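Engineer: sequence first, predicted coordinates after that:
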Amino acid sequence: MIEKDIENVVLFQIDKTSKISKQYSQREFDKIKLGITIEQWILLKIIHELRHMSQKELANKSLRDPASITRTLDILEKKELIRREQIPNNRRQYNISLTPNGANFVEKNINLITEHRKKSIEGFSKEEIETLKSFLLRIQKNMS
């Protein structure tokens, strides 16, 4: 069934929800003067979880284009939150890892993100959350 009203289109609602959640988190970041963007946080969190990876792997994992990753990593490197180490025998790729400052930053602020995540699912039962996840995963599979 094709919806004529965009507000009834599931993909529009998913995109809208993503944008609203990012705006909410960014306002909260700005309120406490965290000094980074949501996009920067996402990259820091991925690096924190996986310890180190190439810039290309980070782009794939974060679903971002390599050019925007480069700009964001430049900023995070200037803030001394990440470091780039050249991959031996490869002058075009770098391994990305957190600096001690970066690891401390993520660990210090993870509770804030946990609170944002809790807020996003307020009022949902565990079953509803699992159903929602399964629906989203099915959409992702359909669109892959």
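Structural biologist: Here it is on my side, so go on.
Engineer: next secondary structure after whichever strand or helix holds Gly102?
Structural biologist: For Gly102, the element it lies in under DSSP states H and E is helix 100-120. Next along the chain after helix 100-120, taking DSSP H and E as the criterion, comes helix 126-143.
Engineer: any buried residues in stretch 67-86, and which?
Structural biologist: By 16 or more other CB atoms under 10 Å, the buried positions in stretch 67-86 come out as 69, 72-73, 76, 79, 81-84. All C-beta atoms are positioned from the backbone trio N, CA, C, and that covers glycine.
Engineer: rewinding a little: list the helices and strands the helix holding Gly102 packs on?
Structural biologist: helix 10-31, helix 38-50 (3 or more CB pairs under 8 Å, 6 or more residues apart in numbering; DSSP states H and E).
Engineer: what about 10 Å?
Structural biologist: Under the contact criterion of 3 or more CB pairs under 10 Å, 6 or more residues apart in numbering; DSSP states H and E, helix 100-120 touches helix 10-31, helix 38-50, helix 66-78, strand 82-87, strand 90-98.
Engineer: average model confidence for that helix?
Structural biologist: Mean pLDDT, helix 100-120: 92.
Engineer: which one among the buried residues of stretch 67-86 gets closest to Met143?
Structural biologist: Of all the buried residues of stretch 67-86, Met143 sits closest to Ile69, with 21.9 Å by CB to CB.
Engineer: right, and that closest one touches Glu77 too?
Structural biologist: No: assessed by CB atoms under 10 Å, Ile69 is found out of contact with Glu77, at 12.0 Å.
Engineer: which residues are in contact with each of the two?
Structural biologist: Residues touching both Ile69 and Glu77 comprise Ile96, with contact defined as CB atoms under 10 Å, 6 or more residues apart in numbering.
Engineer: for the residue positioned nearest the centre of the chain, give its distance to Asn8.
Structural biologist: With distances taken as CA atoms, centre = their mean, Ile42 lies nearest the centre of the chain, 3.0 Å away. The gap separating Ile42 from Asn8 is 29 Å, by CB to CB, to the nearest Å.
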